[in-house]
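Novice: Here's my sequence, what's the structure:
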Amino acid sequence: MSTLVFRDVRLFDPGAGIDRPHATVIVDGERIESLAAPSTAQGDRIIEGRGRLLIPGLIDLRAHLCEPGHTRREKIETGVRAAAVGGFTTLVAMPTTHPAIDRVEVVELVLARAREAGKTRVLPAGALSVGREGKNLAEMAKLQAAGCVMFTDGDRAVKDSQLLRYALETAGDLGVPIATHAEDQSLSLGGVMHEGLVSTRLGLEGIPGAAEVVGVARDIGLAELTGQRLHLGHVTTAAAAELIRQAKRRGIRVTAEVSPLHLLLTDECCFGYDTAAKIFPPLRPQTDVDAMVLALADGTLDNVVSDHCPQIELEKKVEFDRAAPGAIGLETTLAAVLALVKSGRLTLERAIATLTRGPAQVLGRNDLGRLQEGGHADLVLLDLEHEWTFNRAEVRSRSFNSPFLGRSFPGRAVVTVARGEITHELEA
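Specialist: Residues are numbered from 1 along each chain as shown. Next up, the predicted model:
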């Protein structure tokens, strides 16, 4: 086992209340040996921090890694490579594979591919229903025993309220969360972008924000009925955020997430029929974007997810209404959140917490998303002053579909360490 020494770093872990300048940290093997070592400490590798932030490794609760079944878009190997560049050390892999992660053999395959890919932790999310078809409950106990850490049908809403009720109760017995995509599909069916002024001008079928709001209200009602934990996936509308805010005040066990695209971009990006801006849920108007930032800042929304959804170019270079929705996000999520910090709309403490402690709490994992002696050596050396541009030539994902291509960002992961191994290091 090798020893890493980070010298002269600003230890920063808002979840643990740590903000300590000029620290020296020793990593021995897969564990953090010391957070307060002498500056003269030696090791197999010494990394000079020069006052930059050393934070816990980032956790992503929503990554579509596409393996098995859709490896033209992404593979676990390329997905974790992209994740490391973005500072992620733990990924929850969505069950949007073929076949879906609804049987033990698929869980074992995902975990085996993850081990081959390196030290980045890949945690499978099991399908809530068999084949993600929303008809029959998956064998959740067997899937959890095999390694699944949550249950979800990914980007599909669970139409059957009774099925979702059973899923919540079963997951409660197992001690794992249910994550839903909240949507009333009878309202959104056929839509390809947000329903509003922009969709009208473009002549495209719209998805009303009410489709999400109705879905969120239903799912919160079932969480209240069962008393079980519910995590609401990729929230995008002001009205849905307000429902979540009220539910938390009433003591309902609900958490929620948002993607960076819904924090920075609006539906106006769809002008010109730009299919890079076709994502799901769709980009919303500025009022909703502002509401998402506020909800993230005040704790209504618990965490930010990459919602990494690769698509090959042939699926994007078609007419807007025929294009596949989705965007890659693992390499830009941290930078997008730091852009909100630079603009003064989010504190640095809150920004880092939404990518570390927040998702760890959703998973119920006290061993992740924190800096602690004896804990996992999942670390990111973060340079807040590093200005960079997200260029196609630097993309490490297997796909290139992103409305952020060509955009400049403040702040970047300089070094990523997953379970004691350097998985990314920015060239000087």
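
Novice: show me the contacts for the most centrally placed residue in the chain.
Specialist: Centroid-nearest residue in the chain, with Cα atoms, centre = their mean: V305, separated by 2.2 Å. For V305, the contacting residues are D60, L61, R62, A63, G233, H234, E257, V258, S259, T333, P359, by Cβ atoms under 8 Å, 6 or more residues apart in numbering. Backbone N, C-alpha and C define where each C-beta goes, glycine included.

Novice: do R218 as well
Specialist: In this structure, R218 makes contact with S161, A182, D184, judged by Cβ under 8 Å, 6+ apart.

Novice: From T236, how far out is it?
Specialist: For R218, the distance to T236 (Cβ to Cβ, to the nearest Å) stands at 16 Å.

Novice: just the contacts of V305 now: which is nearest I279?
Specialist: Taking Cβ to Cβ as the measure, S259 is the one of those closest to I279, at 8.0 Å.

Novice: contacting residues around the closest one?
Specialist: R62, H234, I279, V304, V305, S306, D307, G329, T333.

Novice: per-residue pLDDT, it?
Specialist: Here, the pLDDT recorded for S259 equals 98.

Novice: nearest spatial neighbour of it, skipping sequence neighbours?
Specialist: By the measure of Cβ to Cβ, 6 or more residues apart in numbering, the closest residue to S259 outside its immediate chain neighbours is D307, 4.1 Å from it.

Novice: residues near the one you found, how many?
Specialist: 29 (other Cβ atoms under 10 Å).

Novice: so it makes contact with V235?
Specialist: No. Counting by Cβ atoms under 8 Å, D307 sits too far from V235 to count as a contact (11.3 Å).

Novice: what do the two both touch?
Specialist: Common neighbours of D307 and V235 (Cβ under 8 Å, 6+ apart) do not exist.

Novice: what's stretch 353-367 in contact with?
Specialist: 13-16, 55-61, 87, 92, 123, 149-150, 175-177, 231, 255, 257, 296, 301-305, 333-334, 337, 368-370, 375-376.

Novice: Make a PyMOL selection of the buried ones in those residues.
Specialist: Command for PyMOL that selects the buried part of these, burial taken from 16 or more other Cβ atoms under 10 Å:
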select buried, resi 13+14+15+16+55+56+57+58+59+60+61+87+92+123+149+150+176+177+231+255+257+296+301+302+303+304+305+333+334+337+368+369+370+375+376
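
Novice: okay, now the domains of the protein?
Specialist: Here the chain is described, according to automatic domain parsing, as comprising the domains 3-54+375-385+409-425, 56-363.

Novice: any chance you could map the helices in the stretch 1-150 of the chain?
Specialist: Taking DSSP state H, counting those that start in this stretch as the criterion, the stretch 1-150 of the chain contains helices spanning 76-85, 104-117, 140-146.

Novice: avg pLDDT for the last one?
Specialist: It stands for helix 140-146. 98.

Novice: Tabulate the contacts of R218 (JSON lines), appending pLDDT and neighbour count.
Specialist: Listed next are the contacts of R218 as JSON lines, based on pLDDT from 0 to 100; neighbours: other Cβ atoms under 10 Å:
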{"residue": "S161", "pLDDT": "98", "neighbour count": "13"}
{"residue": "A182", "pLDDT": "95", "neighbour count": "27"}
{"residue": "D184", "pLDDT": "97", "neighbour count": "19"}
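
Novice: Figure out which of the helices of the stretch 1-150 of the chain is closest to G69.
Specialist: G69 sits nearest to helix 104-117 of all the helices of the stretch 1-150 of the chain, at 9.4 Å, using Cβ to Cβ.

Novice: what's the spacing between that closest one and its chain's center?
Specialist: Relative to its chain's centre, helix 104-117 lies at 20 Å (Cα atoms, centre = their mean, to the nearest Å).

Novice: So for that helix, what gets flagged as buried?
Specialist: Those would be V104, V106, V107, L109, V110, L111, R113, A114, A117, for helix 104-117 by 16+ other Cβ under 10 Å.

Novice: Any figure for the gap between the closest residue in space to the first one that isn't next to it in sequence and S129?
Specialist: To tie it back to what came earlier, the one meant is V104. Setting aside the residues directly before and after it, V104 is nearest to A146 in space (Cβ to Cβ, 6+ apart), at 4.5 Å. Distance, A146 to S129, using Cβ to Cβ: 17 Å.

Novice: The two - which one has more neighbours?
Specialist: Neighbour count, other Cβ under 10 Å: between A146 and S129, S129 has more, with 24 against 19.

Novice: residues in contact with the more buried one?
Specialist: S129 makes contact with D102, K135, N136, L137, A138, D153, V158, L163, A167, according to Cβ under 8 Å, 6+ apart.

Novice: All the strands of the stretch 301-428 of the chain, in order from the start?
Specialist: 303-304, 379-389, 408-418, 421-425 (DSSP state E, counting those that start in this stretch).

Novice: Could you do the stretch 1-150 of the chain as well?
Specialist: Using DSSP E, counting those that start in this stretch, strands in the stretch 1-150 of the chain cover 3-13, 18-28, 31-34, 45-48, 53-56, 58-63, 88-93, 121-127, 150-152.

Novice: now for those, which one comes closest to A418?
Specialist: Once the strands of the stretch 1-150 of the chain are compared by Cβ to Cβ, strand 88-93 is nearest, at 4.1 Å.

Novice: Please identify the helix or strand for the closest residue to L232 other than its chain neighbours.
Specialist: Distance criterion Cβ to Cβ, 6+ apart; nearest residue to L232, sequence neighbours excluded, is A256 at 4.1 Å. For A256, the enclosing helix or strand under DSSP states H and E is strand 254-258.

Novice: what angle do that strand and strand 58-63 make?
Specialist: 90 degrees (axes from the mean of the first three to the mean of the last three Cα atoms, to 10 degrees).

Novice: quick one: contacts of strand 254-258?
Specialist: The contact list for strand 254-258, computed with Cβ under 8 Å, 6+ apart, reads 61-62, 177, 220, 223, 229-236, 241, 244, 247-248, 292, 295-296, 300-305, 359, 361-362.

Novice: Pairing partners for it, with directions?
Specialist: Next to strand 254-258 in the sheet, as set by DSSP bridges, lie strand 230-232 (parallel), strand 303-304 (parallel).

Novice: What is the subsequent helix or strand relative to it?
Specialist: Downstream of strand 254-258 (by DSSP H and E), the next one is helix 261-264.

Novice: Same question for whichever helix or strand comes after that next one: list its buried residues.
Specialist: As assigned by DSSP H and E, the chain's next helix or strand after helix 261-264 is helix 286-297. For helix 286-297, the neighbour count (16+ other Cβ under 10 Å) marks D288, V289, A291, M292, V293, L294, A295, L296, A297 as buried.
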